[in-house]
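> Could you work out the structure for the sequence below:
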Amino acid sequence: MVLSKRATTSSDQDSDDTTLSSTFQDEPKVKLATKLLALQKKQGGSFFLGGRFLFPFGLIVGILLALAFVEPQNIQDLQLHVATLANQYDINIPELPDFDLSRVEIEWNRLRSSIPEIWKFNNDGREFQVGEVMRERGLSADHPIVLIPGVVSTALESWSTYPEYRPFFREKLWGGFNMLSQVTFNKERWIAAMMLDPVTGLDPPRAKIRAAEGIDAASSLIQGYWIWSKIVENLAVVNYDTNNLFLAPYDWRVSYYNLEERDGYFSKLKSTIEGLRKRQNKKVVVAAHSMGSTYLNSFKWVESPQHGNGGSDWVENNIEAYISIAGTHLAKAMAAFLSGEMKDTVQMNPAGAYVLERFFSRKERQTLFRSWAGTASMWLKGGNDVWGDVTSAPDDQENATHTHGELVAFRRALVHVDESVERNLTAEESSNWILEHTSVSFQKMLQSNYSYGIERDEEQLKRNDADPRKWTNPLEVRLPNAPSMKIYCVYGHGKETERYARGDYIHQENIMESELEDCDDDTQGEGCKAKPLGVPLTRSSFIDATYTNETILPKVRNGVKFGEGDGTVSLISLGAMCVEGWSRKRWNPAGIKITTVELPHLPVATMPRGGANTSDHVDILGSTGLNEIILKVATGVGEEVQDHFVSNIREYAKKIKWD
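Numbering: from 1, shown residues only. Next comes the predicted model:
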């Protein structure tokens, strides 16, 4: 018997085996006891799965992370922090004798310098280098500079004093480790605060979120994950400080109209720029990243008699140059509105995807995205004339097996259905599809705030100067009347970019048009659906993460169709207006000079953020190439910046139906 053999090989198990043999007399019970003993031995056999290993391992990892993030001065101020905290609770701590921590700091810095590069999130040795090179050339601050962050870059703070939000008054609900804490342990309250009212597009009842202020508002998203800090560091070397450098944070959740009506954002920006120009006696350079680049046309808010009242020559009198960094000129955020998903979520490993879905579901993400009217400014613009149709797209490669014009491509159903249901969706059809499956309040928000078409009639373009809905779409509004201003389009190329999705669909009950609830102007809420806009309501779309085919071109991985770009924004959106659209007088009547610089994506594999030659959508802000361009323009030698291309954007842009 198995049990008797075990009894002879282990004295420790002898009594247990004997007891089990006497207790379980029949054969099934003996087999059950055998399996139980085997399971017990298996559970106790792995040292690496036990607490004796995992606890000290976690402790070591925590210490390494602390070494990466904590600064030496934090150790020196430790007693002060502890004393301040104790005083809040009326705890008296005896004053400790002074210690000379200079030697500790020296050893601390030596230890940090020996940490492998993969752990260096704060600094990687490139700080201030570009600025030092410029200073050695004798260059110094010339034009004041204003930095405009992109979407999600600006930290957001809670200003609500209602009891349910009072615990995080003036705490960051977006940005910083407090955000991670709230999302992890207080998700429902965090979502309630961050979500906007679906009707007004403003704060929901009792919640109140506002953009943080100052340069720190967008220097880093969380400690160690820098955004604008590298650019600020290099500007400081050539004599920029808070007197001639301004970061213009904003609440990126709200629509541009509400941004002006609620926060007076564009009016305040106008006053800031005018103040910098008068104090420094120089025109101002504006550098904007991602969604912030759409503010190029939003100078209309400043010029408009109903808003800033700056007049048609305000930009010419105040702006020296506009630097668009990874600008989302023609699109960015379509997939998130479509399904609540994007490349970063569907490409997680199965365990991570499961945790994400259980913790922060696709439906919750979709609802949150659709409440943020500001991000809707990055909806697809130009329709099929820009993005292609079912036969071809401007950025299709010669040997492509299918076209980018099918923006959302569905897998064939296992059973035959109506051909119209199987049809893949172009840009225009995808837009309609999303609108059909959203509430009337979302549709009204888009209609009242934005426009996504293409306008070729010059007289209508002139009239659009007075229509705020057109001001975020470069295809429906003219550039400012500023012939001496320069525009620099700087963006990365060479990183696989979502363009956009391959999905699947779930068949639902057929819903006839007559069965839809009618929605009048006073009807609101999720239960009211709009009438069809041309696509059947018999499927519910989602990104099919199980589908991968890298033998076709463009390839599909985890349901995401890849094209060219900077990892986040498609090449067409980044560069088409710069190299072709704005060369036409109808959209650039003043003949503003446009310089386009493409930076190749050449990351260093051992560096978490890619190093000096990355051109990832966010990490480009720390690249040497971009920092050199910004400093050259700001210090008065912008003429040294010349066109530079590494992609086929000029060929792609010529295929767009501009005329």
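
> Would you mind listing where the stretch 351-500 of the chain has pLDDT under the threshold?
351-360, 362, 409-423, 500 (pLDDT under 70).

> What segments of it are helices?
In the stretch 351-500 of the chain, the helices defined using DSSP state H, counting those that start in this stretch lie at 362-371, 383-387, 419-422, 427-436, 440-449, 458-464.

> Can you check which of the ones you listed gets nearest to Ser158?
helix 362-371 (16.3 Å; Cβ to Cβ). Bear in mind the C-beta positions are built from the backbone N, C-alpha and C, glycine included.

> can you pull the buried residues of that closest one?
By neighbour count on 16 or more other Cβ atoms under 10 Å, the buried set for helix 362-371 is 362, 364-371.

> Identify the residue nearest Gly388 in space, chain neighbours excluded?
Gly405 (3.0 Å; Cβ to Cβ, 6 or more residues apart in numbering).

> The one you found and Asn258, how far apart?
Gly405 is 34 Å from Asn258, where distance means Cβ to Cβ, to the nearest Å.

> What of Lys208?
14 Å.

> Looking at the two, which has the bigger crowd around it?
More crowded of Lys208 and Asn258, by other Cβ atoms under 10 Å: Asn258, with 20 against 16.

> who does the helix or strand harbouring the more buried one touch, helix- and strand-wise?
Following DSSP states H and E, one finds Asn258 within helix 256-263. Judged by 3 or more Cβ pairs under 8 Å, 6 or more residues apart in numbering; DSSP states H and E, helix 256-263 is in contact with helix 265-280, helix 440-449.

> can you put these in TSV and add mean neighbour count and distance to Phe562?
Putting these into TSV (neighbours: other Cβ atoms under 10 Å; distance: least, Cβ to Cβ, whole Å) gives the following:
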stretch	mean neighbour count	distance to Phe562
helix 265-280	17	35
helix 440-449	18	27
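
> Make TSV from those and add distance to Gly563 to it.
Converted to TSV, these look like this (distance: least, Cβ to Cβ, whole Å):
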stretch	distance to Gly563
helix 265-280	33
helix 440-449	25
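
> I'd like the helices of the stretch 351-500 of the chain as CSV, with distance to Met291 appended.
Putting the helices of the stretch 351-500 of the chain into CSV (distance: least, Cβ to Cβ, whole Å) gives the following:
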stretch, distance to Met291
helix 362-371, 14
helix 383-387, 18
helix 419-422, 34
helix 427-436, 19
helix 440-449, 14
helix 458-464, 21
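
> Just give the number of residues close to Asp241.
Other residues near Asp241 number 11, with proximity taken as other Cβ under 10 Å.

> now swap in the one 5 residues further on and tell me
A total of 20 residues lie near Phe246 under the criterion other Cβ under 10 Å.

> Return the list of strands paired to the helix or strand harbouring it, each annotated with direction.
Using DSSP H and E, the element containing Phe246 is strand 245-247. Take DSSP bridges as the rule and strand 245-247 pairs in its sheet with strand 145-148 (parallel).

> ok, the residue nearest to Gly388 - contacts?
384, 387-393, 396, 426-427 (Cβ atoms under 8 Å, 6 or more residues apart in numbering).

> Kindly report the same for Tyr162.
By Cβ under 8 Å, 6+ apart, the contact list for Tyr162 reads 206-207.

> cool, Ala427 as well?
Going by Cβ under 8 Å, 6+ apart, Ala427 touches 380, 382-384, 386-388, 405, 407.

> For it, which non-adjacent residue is spatially closest?
Closest residue to Ala427 apart from its sequence neighbours, by Cβ to Cβ, 6+ apart: Trp387 at 3.9 Å.

> correct me, but the one you found touches Glu406?
No. Counting by Cβ atoms under 8 Å, Trp387 stays clear of Glu406, with 10.0 Å between them.

> Now do the shared contacts for those two.
With Cβ under 8 Å, 6+ apart, Trp387 and Glu406 have common neighbours Thr426.
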